[in-house]
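Enquirer: Let me see the structure of the following:
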Amino acid sequence: MIRTHLSPIQLLDFVKSIEFEMGRTSDSKSSGGYKDRIIDIDIVKYDELKFISERLEIPHTKHLYEREFSRVLLNDVIKQNIKHIV
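Expert: Model (predicted):
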């Protein structure tokens with residue numbers, strides 16, 4: 001979870017640059033499917049924004065509803081935030 005002043009596309013460009021610097025050379029959209037990779041940063045939610053473009057969809061529905069590991073991580077983030085608020 002982060003706070004940012006970047007727009008969704010600016011944030012996407014920023015995380016793609018991190019992935020590239022860490023050695024990720026291909027994107028699943030360009031390669032046509034999943035391949036193991038050294039890092040994968042996803043933008044799952046951006047406040048309550050709904051955003052769709054060719055490069056980015058927010059919320060990232062697969063991570064919110066289809067991928068169990070993502071739901072577990074998101075629940076942990078939500079629990080941690082509640083602890084910090086209280």
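Enquirer: F20 belongs to a helix?
Expert: Yes - under DSSP: H, G, I helix; E, B strand; the rest coil, F20 sits within a helix.
Enquirer: For the helix ranked longest in the chain, buried residues please.
Expert: Looking across the chain with DSSP state H, the single longest helix is helix 68-85. Across helix 68-85, burial judged by 16 or more other Cβ atoms under 10 Å covers S70, L74. C-beta coordinates here come from the backbone N, C-alpha and C atoms, glycine included.
Enquirer: next one: it to chain centre, how far?
Expert: Distance, stretch centre to chain centre, for helix 68-85: 14 Å (Cα atoms, centre = their mean, to the nearest Å).
Enquirer: so what does that helix touch, helix or strand wise?
Expert: For helix 68-85, there is no helix or strand it packs on, judged by 3 or more Cβ pairs under 8 Å, 6 or more residues apart in numbering; DSSP states H and E.
Enquirer: Now that helix - C-alpha only, PDB.
Expert: Taking Å, rounded to 0.1, in the frame of the first residue of the first chain, the C-alpha atoms of helix 68-85 are listed here in PDB:
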ATOM      1  CA  GLU A  68      -6.600 -16.500  -3.800                       C
ATOM      2  CA  PHE A  69      -3.000 -15.300  -2.900                       C
ATOM      3  CA  SER A  70      -4.100 -11.700  -3.800                       C
ATOM      4  CA  ARG A  71      -7.100 -11.800  -1.600                       C
ATOM      5  CA  VAL A  72      -5.100 -13.100   1.300                       C
ATOM      6  CA  LEU A  73      -2.500 -10.200   0.800                       C
ATOM      7  CA  LEU A  74      -5.200  -7.600   0.500                       C
ATOM      8  CA  ASN A  75      -7.000  -8.800   3.600                       C
ATOM      9  CA  ASP A  76      -3.700  -8.500   5.500                       C
ATOM     10  CA  VAL A  77      -3.200  -4.900   4.200                       C
ATOM     11  CA  ILE A  78      -6.700  -4.000   5.300                       C
ATOM     12  CA  LYS A  79      -6.200  -5.500   8.800                       C
ATOM     13  CA  GLN A  80      -2.900  -3.600   9.200                       C
ATOM     14  CA  ASN A  81      -4.500  -0.300   8.200                       C
ATOM     15  CA  ILE A  82      -7.400  -0.900  10.600                       C
ATOM     16  CA  LYS A  83      -4.800  -1.400  13.400                       C
ATOM     17  CA  HIS A  84      -3.000   1.900  12.500                       C
ATOM     18  CA  ILE A  85      -6.300   3.800  12.500                       C
END
